[in-house]
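Trainee: Give me a 3D structure for the following:
(one chain, ligands or ions: 2)
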Amino acid sequence: MNFSHLCELLWTVYDEQDSILQPMWDHLRLYHSDTIRSPLFPVVLTVSSYFIICLPYLVCDIMGDRWPAVQRFKIQPSKKPTPAMLVHCAGVTLRNHLVLVFPAAVAQWAWRPPVPLPDRAPTLLELAGGVAGNLLLFDLQYFIWHFLHHKIRWLYVTFHAIHHNYMAPFALATQCLGGWELVTVGFWTTLNPVLLRCHLLTTWVFMVVHVYVSVEDHCGYDFPWSTSRLMPFGFYGGPSQHDVHHQKPNTNFAPHFSHWDKLFGTHADLAF
Ligand SMILES: [Zn+2]
Ligand SMILES: [Zn+2]
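Mentor: Residues are numbered from 1 along each chain as shown. Ligands and ions are numbered 1, 2, ... in the order given. Modelled structure (predicted):
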């Protein structure tokens, strides 16, 4: 048997294997098809995961110095968000969703043709590959957007300055964004899984993972389980890298990974 026959055989075995996710996908398809086809579903999924993921960090912020074991992981220990800052960010997030995100989802509901639900669930490999591909693509898109919105003063003042209200970020500051930035980010996170031909399940997992890593970027803590500590070779920037961006805004434009900033000479570590 030569190499191409071996590849063909392996692919056949892999391809015919039933995904471990198949029973769950069959259940969703058969009993909840209207819910999972709805354009409101990804909105509800991302908004609810945002607040759920923010919650533990919010509790850490509120407990502050009463939890010294947690506070020793704070990246800027002398900077604590005040109640007014937390209320301001939650208000901006709610306003953006009421004014922009929900109307866009409802409009999509009216105009978009029904979403087809494939028979097959993705394999775990397809799912992990799809999530990684989406994160890498988003990282490049946002790097370019972010770089331009810092280098062109009009773009910065008009659209991005609101996100730099706080030099010491905290979880709820993640979505303290202007409308244009939110629309751009929402556009890419919706379009990219379609471009990469991802399964709906992969798309939803990517959306939740993306919310998680975005909140983690802003949480203000560098915990031992930070994504940047779990990934090898300093490939992933995470909270310490994005915290530096809020302190020193002409560095670390990529939201998640570190390769683009290293390539373009804009990378900076915590101890600058
Ligand atoms: Zn930020
Ligand atoms: Zn910025």
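
Trainee: By residue count, what's the longest helix in the chain?
Mentor: helix 124-151 (DSSP state H).

Trainee: name the helices or strands packed onto that helix?
Mentor: helix 179-195, helix 200-218, helix 259-263 (3 or more C-beta pairs under 8 Å, 6 or more residues apart in numbering; DSSP states H and E). For every residue, glycine as well, the C-beta is placed using N, CA and C.

Trainee: Kindly provide the distance from the most centrally placed residue in the chain to Glu216.
Mentor: Nearest to the mean C-alpha position of the chain, by C-alpha atoms, centre = their mean, lies His210 at 2.2 Å. For His210, the distance to Glu216 equals 11 Å [C-beta to C-beta, to the nearest Å].

Trainee: What of Leu172?
Mentor: Separation of Leu172 from Glu216 (C-beta to C-beta): 13 Å.

Trainee: neighbour count winner among the two?
Mentor: When Leu172 and Glu216 are compared for neighbours, Leu172 comes out ahead with 27 against 23, by other C-beta atoms under 10 Å.

Trainee: circling back: skip ahead from the longest helix of the chain and say which helix or strand is next.
Mentor: Per DSSP states H and E, the first helix or strand lying C-terminal to helix 124-151 is helix 153-155.

Trainee: what's next to that next one, contact-wise?
Mentor: With C-beta atoms under 8 Å, 6 or more residues apart in numbering as the test, helix 153-155 has contacts from 148-149.

Trainee: switch the cut-off to 6 Å
Mentor: His149 (C-beta atoms under 6 Å, 6 or more residues apart in numbering).

Trainee: Likewise for stretch 123-137?
Mentor: Stretch 123-137 has contacts (C-beta under 6 Å, 6+ apart) with 19, 192-193, 196, 198, 202, 205-206, 209, 256.

Trainee: If we go by neighbour counts, what in that stretch is buried?
Mentor: Neighbour-count burial for stretch 123-137 flags 123, 126-127, 130-131, 133-135, 137 (criterion: 16 or more other C-beta atoms under 10 Å).

Trainee: is it possible to export those to a markdown table including distance to His245?
Mentor: What follows is these, written out as a markdown table (distance: C-beta to C-beta, whole Å):
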| residue | distance to His245 |
| --- | --- |
| Thr123 | 36 |
| Glu126 | 33 |
| Leu127 | 30 |
| Gly130 | 27 |
| Val131 | 23 |
| Gly133 | 24 |
| Asn134 | 21 |
| Leu135 | 18 |
| Leu137 | 20 |
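
Trainee: Compute the distance between Leu100 and Phe187, please.
Mentor: Relative to Phe187, Leu100 is positioned 11 Å away (C-beta to C-beta).

Trainee: just to revisit the earlier point, among the helices and strands packed on helix 124-151, which is nearest Pro77?
Mentor: helix 200-218 (16.4 Å; C-beta to C-beta).

Trainee: Quick check: next helix or strand after the worst-scoring helix or strand of the chain on mean pLDDT?
Mentor: None of the helices or strands of the chain scores lower by mean pLDDT, DSSP states H and E than helix 3-16, at a mean of 57. Note on helix 3-16: by DSSP H and E, the next helix or strand toward the C-terminus is helix 22-31.

Trainee: Between Leu100 and Phe187, point out the one with more neighbours.
Mentor: Leu100 (15 against 12).

Trainee: Just want to check the distance between Thr190 and Ile20.
Mentor: 27 Å.

Trainee: who has more neighbours, the two?
Mentor: Thr190 (17 against 11).

Trainee: With adjacent residues omitted, what lies nearest to the more buried one?
Mentor: Nearest non-adjacent residue to Thr190, counting by C-beta to C-beta, 6 or more residues apart in numbering: Pro42, 7.4 Å away.

Trainee: repeat for Asp217
Mentor: His242 (4.0 Å).

Trainee: name the element that neighbour belongs to?
Mentor: helix 238-247.

Trainee: Need the phi and psi values for the closest residue to Leu230 other than its chain neighbours.
Mentor: The shortest distance from Leu230 to any non-neighbouring residue, by C-beta to C-beta, 6+ apart, is to Tyr236 (7.9 Å). Here is the backbone geometry of Tyr236 (degrees, to the nearest 10): phi -110, psi 130.

Trainee: quick one: pLDDT of Tyr236?
Mentor: Note on Tyr236: pLDDT of 90.

Trainee: Noted, bye for now.
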